[in-house]
Each structure stands twice: as structure tokens, then as C-alpha cells.
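1. structure for this input, please:
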Amino acid sequence: MGNTVILLVEDNPDDEALMLRAFKKSNIQNEIVVARDGVEALDYLFGTGSYANRDLDYMPQLILLDLKLPKIDGLEVLEQLRGDQRTRHLPVVVLTSSREQEDLMAAYQNGANSYVRKPVDFVEFMQAVTQLGLYWLVLNEPPPARKG
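-> Purely as a prediction, here's the structure:
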């Protein structure tokens, strides 16, 4: 399989557009799959709903997860990911505007690999996306894909 997938779980259209623009400007060539709520993210990851025919042998290389999502919030998505053998080890970066200490603690307690607050300034946002891409997509050594 060519480029690996980044799953962006983001319900805010402005933040989604900003993130996609930042990926493009940072020359991150990975395919980006966008889920706009927690249910859609879980459907993608577990091959249910509109993703029932998705090949589950190919999981995202990185999940960027907002916390404040409709239907199922990001913490519940994270909890379900970590509770399933197929998705337990996927890298999850919580990318949120939340400044709540409880959200930070809950994200790590539920197995987040990293917690990044979204910068408001576009230049800062670009730098954050570039650094995230460099680390998680180039430098990080993910666990081997499970087959079967």
C-alpha cells in the first residue's frame, strides 16, 4: 500500500480546513480520512456503518482526535480504541482547544499518546502540524501491522 492514512477526527469545519491546509503546506502526502463525529471515527476504525466494506488490515498510521465531538466524544472514542485488540496500539494524538485540566488527565488515563492544544494563530498551527507530521509520520516507529 502506498501512502499511509491519517485519520482526522474533527467536527469543526474551520479547524478541519485549517488542518488540511497545514498538511498540504507541510508537504505531508499521506491520505487524510476525515471523521466528523465519534461514531464516524469508530465506524471507520472497526469497519462498521458506511465503512462496512473497509479492509481492516490497513489501519491509520496516526489518529488526530478532537475531544469535543458530537454523538460520541473523543474520550469515549479513545476508550473504545484502547479496549480493542485491533486498535489498542494505534498512535493517538489528542488535538483539542480544551484548556481543561480534567480533559488532559482523562486523555492520558484513557491511553492518548500525546495531547496538543490547538494554537489559534495560523503560523503556530502550521508549525505544530509540521512537527506532529515529522515526529509521528517520519521518526516514530509504529508497532507492526497485525494480519488476520
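
2. phi and psi next, for the nearest residue to Thr4 once chain neighbours are set aside.
-> Distance criterion Cβ to Cβ, 6 or more residues apart in numbering; nearest residue to Thr4, sequence neighbours excluded, is Gln61 at 3.9 Å. For the C-beta atoms, the positions are set from N, CA and C on the backbone; glycine is no exception. The phi/psi pair for Gln61 (degrees, to the nearest 10) reads phi -80, psi -30.

3. what residues does stretch 36-51 touch?
-> Stretch 36-51 has contacts (Cβ atoms under 8 Å, 6 or more residues apart in numbering) with 7, 9-11, 16, 33, 35, 53-54, 56, 59-60, 63, 65, 69-74, 76-77, 80-81, 84, 86-87, 90.

4. which among those end up buried?
-> Those of these that meet the buried threshold are 7, 9-11, 16, 33, 35, 54, 59-60, 63, 65, 69, 72-74, 76-77, 80-81, 87, 90, by 16 or more other Cβ atoms under 10 Å.

5. out of the residues you listed, name the ones that lie in helices.
-> Assigned to helices by DSSP state H, the following of the buried ones among the contacts of stretch 36-51 qualify: Glu16, Gly74, Glu76, Val77, Gln80, Leu81.

6. could I get those residues as CSV with distance to Gln109 and pLDDT?
-> Below are these laid out as CSV (distance: Cβ to Cβ, whole Å; pLDDT from 0 to 100):
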residue, distance to Gln109, pLDDT
Glu16, 27, 91
Gly74, 13, 96
Glu76, 13, 97
Val77, 14, 98
Gln80, 14, 97
Leu81, 14, 96
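
7. greatest separation within those: which pair is it?
-> For those, the maximum inter-member distance is 21.9 Å, found between Glu16 and Gln80 (Cβ to Cβ).

8. low-confidence ranges, the protein, go.
-> Low-confidence segments of the chain, defined by pLDDT under 70: 1-3, 120, 142-148.

9. mind checking how far the closest residue to Asp15 other than its chain neighbours is from Gly49?
-> The shortest distance from Asp15 to any non-neighbouring residue, by Cβ to Cβ, 6+ apart, is to Lys118 (6.7 Å). Distance check for Lys118 against Gly49: by Cβ to Cβ, to the nearest Å, it reads 27 Å.
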